[in-house]
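J.: For reference, the sequence and a predicted model appear below.
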Amino acid sequence: MKILIVDDDKDIVQLLEIYVRNEGYDPITAYSGKEALTKLNTNPDISLVILDIMMPEMDGMEVIKQVRKDSSIPILVVSAKTTDMDKIQGLITGADDYVTKPFNPLEVMARVKSLLRRSKGDLTNDEPDVLNVGPLVINKDSHEVKTLKGDTIQLTALEFGILYLLASHPNRVFSADDIFERVWQQESVVSAKTVMVHVSHLRDKIEAATGGEKVIETVWGVGYKVESH
């Protein structure tokens, strides 16, 4: 399994390269945003991207925008930009998770493993394979979401995880912390903000594909739910 490491700091790239390789993955490296896009285009089997934000020529935010035009590959941002707004901006742009520098390489690898589990569709076996929720048909095995008209909605692995969790427990309200721990399979001090951004993306995609139908409801002060129909 190939992981692309992108940072203009060669020491950081070399450090992450060691940890990625020690976990049994095949590291591919890039030192600029433009080089990262080239590597992604020439290595379609890359499974995940570890991406810095502040780089010359093309920054990480622009890389995310370009990648998200046609790909839902997991993207983990590792950046020295540390404010909550920086993190939220990264998630809004299309990153799946965000780790600040200086970082613990073991935490980075834990995040990598979690994202890869989601992208492979490692959901619990006791849930139904296909769910019909309002205007959507959700297939656990293929990780596909389609409208009743047959149109496919392209979701990232985490967006699919959120939707499947809520849809498989209709009428149950999940807090942001519950969603983060179940879908990301880790704890985080910014879980509420992270989940909020991903739910917003998910809603936008569903409403765009279904002509404005609302599937995920906000229960203010509590969390999110999908109602049974």
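T.: In hand now; what should we look at?
J.: Thought residue 173 was touching residue 222, still the case?
T.: Yes: between residue 222 and residue 173 there is a contact at 5.2 Å, judged by C-beta atoms under 8 Å. Every C-beta, even on glycine, is put in place using the N, C-alpha and C of the backbone.
J.: neighbour count winner among those two?
T.: Neighbours were counted for residue 222 and for residue 173 using other C-beta atoms under 10 Å; residue 173 has more, 15 against 11.
J.: I figured the more buried one hits residue 225, correct?
T.: Yes: counting by C-beta under 8 Å, residue 173 touches residue 225, with 4.6 Å between them.
J.: Am I right that residue 34 sits in a helix?
T.: Yes: under DSSP: H, G, I helix; E, B strand; the rest coil, residue 34 falls within a helix.
J.: That one against residue 57, yeah?
T.: Yes: between residue 34 and residue 57 there is a contact under C-beta under 8 Å: 5.3 Å.
J.: Contacts for the lengthiest helix in the chain, please.
T.: The longest helix of the chain (DSSP state H) is helix 191-210. Contacts to helix 191-210, defined as C-beta atoms under 8 Å, 6 or more residues apart in numbering, come from residues 84, 87-88, 91-92, 94, 97-98, 135-136, 147, 151, 153-156, 158-159, 162-163, 176-177, 179-181, 184, 188, 213-216, 224.
J.: Report the rounded mean pLDDT for it.
T.: For helix 191-210, mean pLDDT rounds to 90.
J.: List the buried residues of it.
T.: Of the residues in helix 191-210, 191, 193-199, 201-203, 205-206, 209-210 count as buried by neighbour count, 16 or more other C-beta atoms under 10 Å.
J.: Quick check: residue 90 vs residue 227, distance?
T.: 31 Å (C-beta to C-beta, to the nearest Å).
J.: Which one's more surrounded, those two?
T.: Taking other C-beta under 10 Å, residue 90 and residue 227 do not tie; residue 90 has more neighbours (24 against 13).
J.: List phi and psi for that one.
T.: Recorded main-chain torsions at residue 90 are phi -60, psi -40, according to degrees, to the nearest 10.
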